[in-house]
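Novice: With the sequence up front, the predicted model follows.
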Amino acid sequence: MSAENSVLKAAILMLALGEEGASMVMKHVSPRDVQKLSTVMTTLRKVDQSAVAETLRDFFNYAGEGASLNIDTDSFTRNVLTQALGQETAAGLFERILENQDSEGIENLKWMDASAVADLIRYEHPQIIATILVHLEPEQSSQILSLFNEDLRKDTMLRIATLEEIKPQALKELNVVLARLLSGAQTSAKKQIGGIRAAAEIMNYIGQAPQQVLMDRIKEYDIEIAEKITDEMFTFDDIIGIDDRGIQTILRDVQSDALIVALKGANAELREKILKNMSTRAADMMREDLENRGPVKLSEVEAQQKEILIVVRGLIEDGSVMLPGKGGGEDYV
């Protein structure tokens, strides 16, 4: 069974389960698959009896005679996502899904291998390539970028980092390209895309060696953009993603006074994770120092956090500390 057909059958099953049942299932589905599944669900305006029966036979011993689905799938999908993910997360995801319905060509790209997409778009203008890549998953975009030469990678990443919105004329140009490549549809909607965060998310999936080369090239062009991308790639709050062994390694290289100031601006969860990786005596002393330390200027807190991040990044780069969840496999970032 093809990937497209599998997602279609899963979407039909979600609609057949009803909102409560579908929301319970969604809680056990990965974020990327939730988006794929929800995108297909919103396109199913009416599912006939034969499609329902065929799908249900794959999951149950029988299908109800005369079963059919004729419901408001937009409302259904919105309610399922809200119950499964919460109001704020669901609203953002559903908005992206509806926007993507007018980008058939880009949706088709999401099902293609990175090498196939790279071959299709590598000779387009870097601005067009950047606009396409910010519509794809960061992991897929990073794989596509890795297949470009250094100059094209640099030009594309810079354009991603400086994208803020896509205007109707730019979308029209993009759709002309996609129509020629994949028979994509035209749309005139204006939406926020790209930016430093999008560039940083893509960079997080690029291997360490090519990532460093690419960052060096970006620094040559605009050091301020490079620094902003670096800051977004790994922030002080991201330390919470490091395992206990890594935290202990970091603590050996960080001065106590600097840590006290930095933790004044840290959230409670990160503060507790750091404290639990200290000896009981050291943690008690740190808690006492944090309580007794008076107000600290935000600029001082940020300065100490940046100094600690320099240490952390150094440990990550030499492999002493691993930051999981960015890049997968055995790569270190």
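Specialist: Good, I have the coordinates.

Novice: Would you map the helices across the stretch 101-250 of the chain?
Specialist: For the stretch 101-250 of the chain, helices defined by DSSP state H, counting those that start in this stretch occupy the ranges 104-109, 114-121, 126-133, 138-145, 150-162, 168-182, 196-204, 208-221, 223-233, 244-252.

Novice: Turn those into a markdown table, columns for mean neighbour count, mean pLDDT and distance to Ala303.
Specialist: The way it works is simple: take the backbone N, C-alpha and C, and place the C-beta from them, glycine included. Shown next, in a markdown table, are those (neighbours: other CB atoms under 10 Å; pLDDT from 0 to 100; distance: least, CB to CB, whole Å):
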| stretch | mean neighbour count | mean pLDDT | distance to Ala303 |
| --- | --- | --- | --- |
| helix 104-109 | 20 | 64 | 42 |
| helix 114-121 | 17 | 85 | 40 |
| helix 126-133 | 22 | 86 | 33 |
| helix 138-145 | 22 | 89 | 30 |
| helix 150-162 | 20 | 91 | 24 |
| helix 168-182 | 16 | 64 | 39 |
| helix 196-204 | 22 | 81 | 21 |
| helix 208-221 | 15 | 84 | 22 |
| helix 223-233 | 17 | 85 | 13 |
| helix 244-252 | 15 | 91 | 18 |
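
Novice: Just to check, Met233 is in contact with Ala200?
Specialist: Yes: if you go by CB atoms under 8 Å, Met233 and Ala200 touch, sitting 4.4 Å apart.

Novice: coming back round to it: I'd like the helices of the stretch 101-250 of the chain as JSON lines, with distance to Val29 appended.
Specialist: Shown next, in JSON lines, are those (distance: least, CB to CB, whole Å):
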{"stretch": "helix 104-109", "distance to Val29": "19"}
{"stretch": "helix 114-121", "distance to Val29": "23"}
{"stretch": "helix 126-133", "distance to Val29": "25"}
{"stretch": "helix 138-145", "distance to Val29": "17"}
{"stretch": "helix 150-162", "distance to Val29": "28"}
{"stretch": "helix 168-182", "distance to Val29": "27"}
{"stretch": "helix 196-204", "distance to Val29": "21"}
{"stretch": "helix 208-221", "distance to Val29": "30"}
{"stretch": "helix 223-233", "distance to Val29": "27"}
{"stretch": "helix 244-252", "distance to Val29": "29"}
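
Novice: Out of those, flag the one nearest Leu298.
Specialist: Minimum separation from Leu298 across the helices of the stretch 101-250 of the chain (CB to CB) falls at helix 223-233, 15.9 Å.

Novice: Any regions of the stretch 201-333 of the chain where pLDDT drops low?
Specialist: Regions of the stretch 201-333 of the chain meeting the criterion pLDDT under 70 cover residues 207-208, 323-333.

Novice: give the contact list for the spatially closest residue to Ala266 that is not a sequence neighbour.
Specialist: In this structure, Ala266 finds its nearest non-sequential neighbour in Phe236, 6.8 Å apart by CB to CB, 6 or more residues apart in numbering. Contacts of Phe236 were listed using CB atoms under 8 Å, 6 or more residues apart in numbering, and they are Ala262, Gly265, Ala266, Leu270, Gln305, Ile308, Leu309.

Novice: do you know how far Phe236 is from Ser23?
Specialist: 35 Å (CB to CB, to the nearest Å).

Novice: which SSE is Glu291 in?
Specialist: helix 280-292 (DSSP states H and E).

Novice: helix or strand right after that helix?
Specialist: helix 298-317.

Novice: And that next one, what does it pack against?
Specialist: Packing contacts for helix 298-317, counted by 3 or more CB pairs under 8 Å, 6 or more residues apart in numbering; DSSP states H and E, involve helix 244-252, helix 256-263.

Novice: redo that, cut-off 6 Å
Specialist: Where contact means 3 or more CB pairs under 6 Å, 6 or more residues apart in numbering; DSSP states H and E, helix 298-317 is packed against helix 256-263.

Novice: surely Ile260 meets Asp289?
Specialist: Yes: in this structure Ile260 lies within contact range of Asp289 using CB atoms under 6 Å: 5.1 Å.

Novice: Check what pLDDT Asp58 gets.
Specialist: With respect to pLDDT, Asp58 scores 59.
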